Each structure stands twice: as C-alpha cells, then as structure tokens.
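Q: starting from these lines, generate the structure:
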Amino acid sequence: MTTYTEPYRAFEALLSEGGGSISREKITVVSGAGELAAGTVLGTITASGKYTPFDDGNVDGSETATAILMQAVDATSADVSATAIVRLAEVKKDALQWDAAVDATAKAAAYVDLAAAYIIGR
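A: Residues are numbered from 1 along each chain as shown. Alright, predicted model coming up:
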C-alpha cells in the first residue's frame, strides 16, 4: 500500500496570535525562492524588502529570521504575494519548515531572531 503524507495546511503552525490582524502582514516572496510549504521560516532581503527562506549563511538580510509563511506558495519563477506572521504570535516548533541548509545551531539562532518580533516557538 502506498503511504501518503499530507502536507502542512495553511496556518497549521500557528498556535495563537494578537487580536484582529495585528500579527499578520501581506508579504512578497521573492522569485526564485521555489515551492515553499506553509510554516516556512523566512528572512527579509534588506535591499528589496521581499522574503525568502531563512538561512543563516545568507548575507542579504535573510540570515535573520523575521516571519513565518502561513500558506504554501510557488515562487519558482515569479514573485508571489502571501500572508505571513511577522509579530505577536505563538507558533508550533514541530510544524515549522526550514531550508535544507539550516542546522540545529541556526534554528536556535532563528528562534532568538523571531522572539525579538514576539514570535515565540512552543
């Protein structure tokens, strides 16, 4: 029998957020970021203000974790508008998605980055 693994659903990583829509922002995921799952940890590219997967090895600003993507997107060949949690929220650590280059040390640093925006991993 074939095993099927269900992908993470939109907003599955979110435990709680501030009232209204204070925790959310419409963001732009930069072209070339690829197919990203809901719950992907993002960094902001300083020069453009667009988002890409967090990687502590980057040197464009996205080496600092700044947001959590809330729905799957495909930014392989074009910029994509999406919703992200950027402040005042609790997220499920086990539901967060990471770039393959991110190791345990980088994840620990990312949690500190996110905490500065009051995004707390539980």
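Q: who are the contact partners of the closest residue to A37 other than its chain neighbours?
A: Leaving aside its sequence neighbours, A37 sits nearest to Q97 (Cβ to Cβ, 6 or more residues apart in numbering; 4.6 Å). Placement of C-beta: from N, CA and C, glycine included. Going by Cβ atoms under 8 Å, 6 or more residues apart in numbering, Q97 touches 8, 36-41, 69.
Q: hmm, which two among those residues are most spread apart?
A: Y8 and V41 (12.6 Å; Cβ to Cβ).
Q: out of those two, which sits in the busier spot?
A: Legend: neighbour count by other Cβ atoms under 10 Å for Y8 and V41, higher for V41 (28 against 17).
Q: where do the helices sit along the chain?
A: With helices called from DSSP state H, the chain shows them at 104-116.
Q: burial of T28, as a residue count?
A: The number of residues packed near T28 is 16, by other Cβ under 10 Å.
Q: and the gap between it and A117?
A: 18 Å (Cβ to Cβ, to the nearest Å).
Q: gap between F11 and E25?
A: For F11 relative to E25 (Cβ to Cβ), the value is 14 Å.
Q: quick one: contacts for the residue nearest to G39 when sequence neighbours are not counted?
A: Nearest non-adjacent residue to G39, counting by Cβ to Cβ, 6+ apart: A13, 3.7 Å away. Residues in contact with A13 (Cβ under 8 Å, 6+ apart) are 38-39, 68, 70, 91-92, 95-96.
Q: repeat that with 10 Å
A: Counting by Cβ atoms under 10 Å, 6 or more residues apart in numbering, A13 makes contact with 37-41, 68-70, 85, 89-97, 121.
Q: separate out the buried members of the residues you listed.
A: Among these, the ones that count as buried by 16 or more other Cβ atoms under 10 Å are 37-41, 68-70, 85, 89-91, 95-97, 121.
Q: report the two of the residues you listed separated the most.
A: A37 and E90 (19.3 Å).
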